[in-house]
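In: structure for the following, please:
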Amino acid sequence: MKFEPVISNLLFAAIAMVNLPGCKGFLVSKPDLYASPIIPDFISKVNEGILLNVGFDIPRNIKDKTSPRLYIKGLSIMLKNVQAKANHSHLPQKTIGAPITRTGPLNVETQADGHFVSMNGTQNVEFEHGCWEMLWQVGKPAGSVICSFDLARDVSRNDAILQAGNVYVTFPVFSKEGLSDLRARKANYETEIKKHTDLHAEELKKISETKNLFMKAVHFRRAVAANEKVSLMRTNFYEKIPTIDDEIISFGDDLVLYKTGTVWSKRSGGKSAKEIQVGQASLQH
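Out: You can find the predicted model right below:
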């Protein structure tokens, strides 16, 4: 299979967030040299394909939750286990970091185009030359599914724009066993955070309640120590770990896909063009 050009670190830093602490990134490895059975086992079971219904939430300003938005619904795609066509959209690649296994580019069949509603009525959005692949860092319980498309023209509504060029959609994927382990870790983490947060609040309350200057100092030191523990423990790693089953869908026999993903855009313009995060994707039944 033919590998695509190297892209910026930004996209793969986000993809790597679904892996366990300590991961350093991704390394392109030959698709036929798997260090983990997850990907080949999965691909061997994908016969008729896997149907995904994808929605896009594209704000004008990704940092502003109240920003005008472009909602694209109805994109229905079938992920196949056959090699992508020669003119497929470019997938992002990475050449430094920890080793991964990957499927290489596989074919996407579009069952229905996306659409949105504007003052001019319903507008179709054609995502062309689709392909997909799964990435899995060696020895980890989580990976990423990436779908890539070409968008021929800018799509806009209320000043929110999805630019023409490459559009990538990424979703975290987990083994069922791996997700169970990560959920347990997340629960322990949240319990520990709450314990130290409650202690901090309790000690602050005691400072205000006691008139003894010595005890005020004691409670102050305890409050500071609890706050420091919270600060050291804080991490955004667990944000992308789904805690309830409504947040995931089955992805083959042994895997699940997180229903919330990320949308990236790469404006047409050659190798110098950069990928930017432009919104959120969602999987709908």
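
In: flag the shaky bits of this structure, pLDDT-wise.
Out: Counting by pLDDT under 70, the chain contains low-confidence residues at 1-38, 94-99, 268-273, 285.

In: buried ones in the longest strand along it?
Out: Here the longest strand in the chain is taken by residue count, with DSSP state E as the criterion, and it is strand 69-83. Within strand 69-83, the residues that qualify as buried by neighbour count (16 or more other C-beta atoms under 10 Å) are Arg69, Leu70, Tyr71, Ile72, Lys73, Gly74, Leu75, Ile77, Leu79, Lys80, Asn81, Gln83. Yep, even glycine has a C-beta here, placed from its N, CA and C like the rest.

In: how about TSV for these, with distance to Ile43 added?
Out: As requested, those are exported to TSV (distance: C-beta to C-beta, whole Å):
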residue	distance to Ile43
Arg69	36
Leu70	34
Tyr71	33
Ile72	29
Lys73	29
Gly74	27
Leu75	23
Ile77	17
Leu79	10
Lys80	10
Asn81	5
Gln83	11
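
In: nearest to Pro141 among the residues you listed?
Out: Here the nearest of the buried residues of strand 69-83 to Pro141, counting by C-beta to C-beta, is Leu79; it sits at 20.8 Å.

In: my guess is that closest one contacts Gly49. True?
Out: Yes: using C-beta atoms under 8 Å as the test, Leu79 is close enough to Gly49 to be in contact (5.7 Å).

In: all strands of the stretch 51-200 of the chain, in order?
Out: Counting by DSSP state E, counting those that start in this stretch, one finds strands in the stretch 51-200 of the chain at the ranges 69-83, 95-96, 100-102, 106-112, 114-118, 121-125, 127-137, 142-151, 155-157, 160-162, 165-175.

In: which strands and helices sit next to the third one?
Out: Spelled out, it's strand 100-102. Packing contacts for strand 100-102, counted by 3 or more C-beta pairs under 8 Å, 6 or more residues apart in numbering; DSSP states H and E, involve helix 38-45, strand 127-137.
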